[in-house]
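Colleague: output the structure for:
(one chain, ligands or ions: 2)
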Amino acid sequence: MKVTVVGAGAVGASCAEYIAIKDFASEVVLVDIKEGVAEGKAMDLMQTASLNGFDTKITGSTNDYSKTADSDIAVITSGIPRKPGMTREELIGINAGIVKSVTESLLAHSPNAIIIVVSNPMDTMTYLAHKVTDLPKNRIIGMGGALDSARFKYRLAEALGAPISDVDGMVIGGHSDTGMIPLTRLATRNSVPVSKFLSEERLNQVMEDTKVGGATLTKLLGTSAWYAPGAAVSAMVQAIACDQKKMFPCSCFLEGEYGLNDISIGVPAIIGRNGIEEIVEIELDEAEKAKLTSSAEAVSKTNGALSDILK
Ligand SMILES: NC(=O)c1ccc[n+]([C@@H]2O[C@H](COP(=O)([O-])OP(=O)(O)OC[C@H]3O[C@@H](n4cnc5c(N)ncnc54)[C@H](O)[C@@H]3O)[C@@H](O)[C@H]2O)c1
Ligand SMILES: O=C(O)C[C@H](O)C(=O)O
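Modeller: Ligands and ions are numbered 1, 2, ... in the order given. So this is what the prediction gives:
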């Protein structure tokens, strides 16, 4: 199983590290536009192999996509991250051009790859990847919900005073500060609804803290997060590589599911060897449906900024 990760920055390198540590891929190729960076990170990571006990071969390449040929899975993390005070949507001007050209270069050498889009604004970059390639919808997946759900579980566990392993929960909708929809109604502590333990007010606080999870870290770090994003991408890569059929909320191109069309947005999906094996349509209540509609409107508005690049 060959995996290419484009962008050897914070998220790309973290993702490559987690993939290697889990030791399910034969090869990971890191690609970056900055001379020597991908080669350097690959060498540094390879020097952890004997310490961390993995056999995955990690190589680096400065923009030479021939090294990525015949990848089974390609992850796109190239582009700029936000700084404190910015929204993800403000990155579109620079990142759209990068994601378009990287997607085209990847597919020129790996026509059968399944692509995972990470660069922000992620739902719009996933939509862009669909539009420039016209690949079947199962082969382009946006990573956002897996990360947002991990943050939701962290916040729930904190509020409950429970171990994170006892908590389950999911975030759907757009991967943005206002568009995320943490599904508190369906969240559980060992199968018991969390509303049994937490007041509505505390649950609302959990929801708000989850939605600004990325912004909170960006303020603390001066740039956006990488450990949990890298872990979330690696979990999705593993689900594909090992045909795990795991369910993650992720940005899927919708054609009528959830009443939405011509948009990529976070919904639950089964992830396996074919990428998105199935989009799972769960029963939402009226309030959740209204939130998903308004989240989709915001993503569509951001997609509108792609009109020039899609000409
Ligand atoms: N979807 C998510 O949940 C999620 C989570 C974290 C970060 N992100 C996004 O991922 C992106 C990367 O974040 P980061 O923290 O790793 O940033 P970073 O600056 O550390 O790394 C980005 C890397 O991309 C490289 N790059 C730029 N243009 C390129 C090109 N044309 N080809 C190849 N490489 C190129 C840069 O040289 C840099 O090394 C950002 O857009 C960020 O907002 C998304
Ligand atoms: O917050 C960001 O800008 C990066 C990423 O989308 C995240 O959620 O960590």
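
Colleague: helices of this protein, start to end?
Modeller: 10-22, 37-46, 49-52, 92-109, 122-133, 145-160, 200-211, 213-221, 227-241, 286-303 (DSSP state H).

Colleague: neighbours of the residue nearest to Val37 when sequence neighbours are not counted, how many?
Modeller: Nearest residue to Val37, sequence neighbours excluded (Cβ to Cβ, 6 or more residues apart in numbering): Ala8, at 5.2 Å. For the C-beta atoms, the positions are set from N, CA and C on the backbone; glycine is no exception. Look at Ala8: counted by other Cβ atoms under 10 Å, it has 28 neighbours.

Colleague: now do Pro136
Modeller: Counted with other Cβ under 10 Å, residues neighbouring Pro136 total 12.

Colleague: go on, Leu310?
Modeller: 12.

Colleague: surely it and Lys131 touch.
Modeller: Yes. Applying Cβ atoms under 8 Å as the test, Leu310 and Lys131 come out as touching, 5.5 Å apart.

Colleague: need the winner for burial among the helices of the chain.
Modeller: Among these, the stretch with the highest mean neighbour count (mean count of other Cβ atoms under 10 Å) is helix 122-133, at a mean of 26.

Colleague: list, one by one, the residues from the stretch 201-311 of the chain near ligand 1.
Modeller: The stretch 201-311 of the chain comes close to ligand 1 at residues 223-226, 229, as judged by Cβ under 6 Å from any ligand atom.

Colleague: how about the contacts made by the closest residue to ligand 1 within the chain?
Modeller: Nearest residue of the chain to ligand 1, counting by Cβ to the nearest ligand atom: Gly9, 1.7 Å away. With contacts taken as Cβ atoms under 8 Å, 6 or more residues apart in numbering, Gly9 has the following neighbours: 32, 37, 77-78, 81, 226.

Colleague: phi, psi of it?
Modeller: Per-residue torsions, Gly9: phi -80, psi -150 (degrees, to the nearest 10).

Colleague: one step back: would you list the helices of the chain in JSON lines and tack on mean pLDDT?
Modeller: Formatted as JSON lines, the helices of the chain follow (pLDDT from 0 to 100):
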{"stretch": "helix 10-22", "mean pLDDT": "98"}
{"stretch": "helix 37-46", "mean pLDDT": "98"}
{"stretch": "helix 49-52", "mean pLDDT": "98"}
{"stretch": "helix 92-109", "mean pLDDT": "98"}
{"stretch": "helix 122-133", "mean pLDDT": "98"}
{"stretch": "helix 145-160", "mean pLDDT": "98"}
{"stretch": "helix 200-211", "mean pLDDT": "98"}
{"stretch": "helix 213-221", "mean pLDDT": "98"}
{"stretch": "helix 227-241", "mean pLDDT": "98"}
{"stretch": "helix 286-303", "mean pLDDT": "98"}
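
Colleague: which single residue in this protein comes nearest to ligand 2?
Modeller: Closest point on the chain to ligand 2, by Cβ to the nearest ligand atom, is Gly214, at 2.3 Å.

Colleague: sorry, back to before: my guess is the residue nearest to Val37 meets Ile33, correct?
Modeller: No. The criterion here is Cβ under 8 Å, and Ala8 misses it with Ile33 at 9.3 Å.

Colleague: show me what the closest residue to Gly142 other than its chain neighbours bridges to in the sheet.
Modeller: Excluding the flanking residues, the one nearest Gly142 by Cβ to Cβ, 6+ apart is Ser251, at 2.6 Å. Beta-bridge partners for Ser251, by DSSP bridges, are Gly142, Gly266.
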